[in-house]
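>>> Sequence and computational prediction follow.
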Amino acid sequence: MSQANTSLFESIGGAASVDAAVDIFYRKVLSDDRINRFFDGVDMERQAAKQKAFLTMVFGGPNHYTGKDMRSAHAHLVHDGLDDSHFDAVVENLGATLAELGVADELIQQVAAIAESTRADVLSR
Amino acid sequence: MPGGRPVALTFGDRVLDCQPGETVLEAFERHGVALSSSCRSGTCQSCMLQAVKGSVPAAAAVGLKPAWRELGYLLACTCRPSGDLVLQRVGQGLELPTCLLERTWLSEEVIRLGLEPPGDFSFRAGQFVNLIRDDGLSRPYSLAGLPGDDSLELHVRILPDGAMSSWLADAPLGTQLRLRGPSGDCVYACDDREHRLLLVGIGTGIAPLVGVTRDALRQDHAGPIQIVHAAVRGTQLYLLEPLQQLARQHPNVSVFGIALHPEGVPGVLEGELQGLVARLAGGASDPRVLLCGDAPMVNALRRQLFLSGVSLGRIGADAFVGSAQAPSPGLRPPPPG
Ligand SMILES: Cc1cc2nc3c(=O)[nH]c(=O)nc-3n(C[C@H](O)[C@H](O)[C@H](O)COP(=O)(O)OP(=O)(O)OC[C@H]3O[C@@H](n4cnc5c(N)ncnc54)[C@H](O)[C@@H]3O)c2cc1C
Ligand code: HEM
């Protein structure tokens, strides 16, 4: 997992931007037929909290995550067929969310890079 | 935080000191009490706790939905308490003794139960409790009344082979029971005073919403209150008449009865609930929505509303998990949350 990148987090708008992004991002994910099956049967309320953890992390926010590590959090999804194409779709939705919020391209690239750094773990490689 | 004295945090059977300037999370860690956490900056909500006594600093509730603030939820990582707090994990109330006081039939299949309010029990209208029989059988039921009522009111739909519900239909008055709770966040928040409330009760899901409506009216709710009472058959709308009467007394209250098969019951709309809710939610002002009852329908409505643009923070939901599911052997564990 990447180092906390406080200046990126602050440039994006800090905690307030996480609050703004979570609904938009989650709505995109649930409407995306490439990936929404992975979220079936997960309680929406709890999942929204996990989306917050996800966004805080990839926005380079303070990260002292004590929940499940990325590998075990996604292991059962890999078992159900999670692969690179799904990972790419999540990163795409993330980028679209930030663009919608008016975040500069350059910062979106940095966020994508942080997400990218978790690919091997998320996909159990 | 400058100066100050240490305060006491009561958590289960432990009392922990919290030093001036220290957060609740730091105090827990210093005392070796396990609490999940992540961002440590009030964002991710991993470390959420509930204060059942004491006042929560505003900074510790930033970003929480109004109903959660109302219930004393706080983020341990940003909470620097200025006074003593009694804390618990969210939704984990105490187990208290109670007793079955009264039972009346509200329809062919729904009973109204009155339970003795345990001495130290407090709740918010719209919450639910886990009712526990002396052999340990336990099921969640919503509270239909207000704190201060003479008894705790539950509406239970009797399932012919339902372990708890069919037993409750015949259990002698005076039977001792236990309850754990309250839990749930389908409550009225005073931030909502000016807003439109859209309350959707499917089957006995209308029970907690009657409590919420009374609570809102008692607090002089100024915005419109739209109540939807839904069921498969018109004859199952067991509260339609009293609700219609309420609507006649309060100009800001309107009531919609809807059934797939109205079966000739007057004033009942025929059709799909999803269509009606979409139409009401899409109205002039952004509503706060509470959804209670049959789990698949509640989850479908929540998803539908969220995807159509209602923020998750403005939707509260109690899915009555277990009330319409396939048979499972033995006792089911209580549902999460
Ligand atoms: C948060 C929450 C709040 C709840 N509030 C209420 C409430 O206010 N009032 C209320 O009545 N219930 C409420 N429930 C549901 C309640 O907890 C029980 O699940 C319900 O009473 C059935 O329990 P039982 O022991 O009688 O049936 P079980 O012994 O658990 O089930 C018996 C049999 O009935 C079948 N069955 C279950 N539901 C149906 C159905 N709808 N139609 C036909 N067959 C069915 C099952 O498949 C099973 O075979 C709530 C649930 C939750 C999670
Ligand atoms: C881009 C990199 C990703 C990161 C940083 C990330 C981060 C996280 C985090 C922090 C959690 C919470 C773990 C916990 O329970 O403690 C989580 C859970 C989850 N993630 Fe991801 N995730 C990523 C990619 C994906 C992808 C590609 C998918 C599927 C398309 C996905 C689907 C899920 C699901 C369904 C859960 C919930 C699992 C459960 O509760 O059962 N994630 N993720």
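Great, that's in hand. Ligands and ions are numbered 1, 2, ... in the order given.

>>> SS state for residue B:178?
Three-state call for residue B:178 (DSSP: H, G, I helix; E, B strand; the rest coil): strand.

>>> ugh, wrong one, I meant residue B:101
For residue B:101, the assignment made with three-state DSSP gives strand.

>>> For it, give me its contacts.
B:114, B:115, B:116, B:151, B:173 (C-beta atoms under 8 Å, 6 or more residues apart in numbering or on different chains). No exception for glycine: its C-beta is placed from N, CA and C like everyone else's.

>>> Give me the pLDDT value at it.
In this model, residue B:101 is scored at 97, pLDDT.

>>> Distance of the closest residue to it other than its chain neighbours relative to residue B:213?
Counting by C-beta to C-beta, 6 or more residues apart in numbering or on different chains, residue B:101 lies nearest to residue B:114, which is 4.4 Å off, once chain neighbours are set aside. Separation of residue B:114 from residue B:213 (C-beta to C-beta, to the nearest Å) stands at 19 Å.

>>> what about the two, which has more around it?
residue B:213 (27 against 19; other C-beta atoms under 10 Å in any protein chain shown).

>>> residues contacting that one?
If you count contacts by C-beta under 8 Å, 6+ apart, residue B:213 has them with B:199, B:225, B:227, B:246, B:253.

>>> what does residue B:120 give?
Each residue near residue B:120 by C-beta under 8 Å, 6+ apart is listed here: B:94, B:96.

>>> Spell out, range by range, the helices that occur in chain B.
B:24-30, B:66-70, B:163-170, B:206-218, B:240-249, B:273-281, B:295-307 (DSSP state H).

>>> Same list (those) but as JSON lines, adding distance to residue A:106.
Below are the helices of chain B laid out as JSON lines (distance: least, C-beta to C-beta, whole Å):
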{"stretch": "helix B:24-30", "distance to residue A:106": "34"}
{"stretch": "helix B:66-70", "distance to residue A:106": "36"}
{"stretch": "helix B:163-170", "distance to residue A:106": "59"}
{"stretch": "helix B:206-218", "distance to residue A:106": "47"}
{"stretch": "helix B:240-249", "distance to residue A:106": "56"}
{"stretch": "helix B:273-281", "distance to residue A:106": "38"}
{"stretch": "helix B:295-307", "distance to residue A:106": "31"}
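
>>> Highest mean neighbour count out of those helices?
Across the helices of chain B, averaging neighbours per residue (mean count of other C-beta atoms under 10 Å in any protein chain shown) puts helix B:206-218 on top, at a mean of 24.

>>> Now do that one against helix B:240-249, angle only.
Counting by axes from the mean of the first three to the mean of the last three C-alpha atoms, to 10 degrees, helix B:206-218 points 20 degrees away from the direction of helix B:240-249.

>>> any idea how far helix B:206-218 is from the chain center?
11 Å (C-alpha atoms, centre = their mean, to the nearest Å).
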